[in-house]
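[1] need the 3D shape of this:
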Amino acid sequence: MSKIVILDAGPLGMVTNPKASSAICQECKLWLDDLPLKGYEVMLPEIADYEVRRELLRAGKVAGIRRLAQLKAAITYSPITTEVMLKAAELWAQARNTGRPTADPKALDGDVILAAQAILVAEEGNEVIVATTNVRHLSQFVDAREWRLIQ
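    Alright, predicted model coming up:
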């Protein structure tokens, strides 16, 4: 069984931030660099890549796009598959049926897509933690923790 940390857009955005000199971005980069030393495999889900990349492209942040591409090449990349989207649809319906939606009803809802990816990786026998800056939405589906709390 592998210990896997899946990056949400929050920590991913800090790591790829073109203003990487900020204290929190530096702290997040050091945290990310230390994860393999602590026995974790780090995974980049396609939905987090999309969420961060679209903003970097919109803002013309070439250095951030380059950092994202470098990170994508260095860690495990988890693409969105049909299986992921089917599981995400289940989670989306479940959240609404229990009165705990994670996004507007018309939104694509990246949180359920990310949660679906995490669930499917866990079903392969892995210990999975989602590193995020927004624990509330993801924690109703998966083990989601504020990135600083993953040691």
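[2] against L91, how distant is the residue of the chain most remote from its centre?
    No residue in the chain sits farther from the centre than N97, which is 24.5 Å out by CA atoms, centre = their mean. N97 is 11 Å from L91, where distance means CB to CB, to the nearest Å. The C-beta positions use only the backbone N, C-alpha and C, and glycine is treated the same way.
[3] give me the low-pLDDT residue ranges for this structure?
    Counting by pLDDT under 70, the ranges of the chain that qualify are 20.
[4] the helices in this structure, which residues?
    9-16, 23-34, 46-59, 62-74, 82-97, 110-123, 135-138 (DSSP state H).
[5] just read off the phi/psi values of the spatially most central residue of the chain.
    Nearest residue to the geometric centre of the chain (CA atoms, centre = their mean): D8, 2.1 Å. Dihedral pair for D8: phi -90, psi 170, per degrees, to the nearest 10.
[6] tell me who's in contact with it.
    Taking CB atoms under 8 Å, 6 or more residues apart in numbering, we find D8 in contact with A48, L114, V130, A131, T132, T133, N134, L138, A144.
[7] how about the nearest residue to it, chain neighbours excluded?
    Of all residues not flanking D8 in the chain, T132 sits nearest, at 3.8 Å (CB to CB, 6 or more residues apart in numbering).
[8] was I right about that neighbour contacting P11?
    Yes: T132 lies in contact with P11 (CB atoms under 8 Å); the separation is 7.0 Å.
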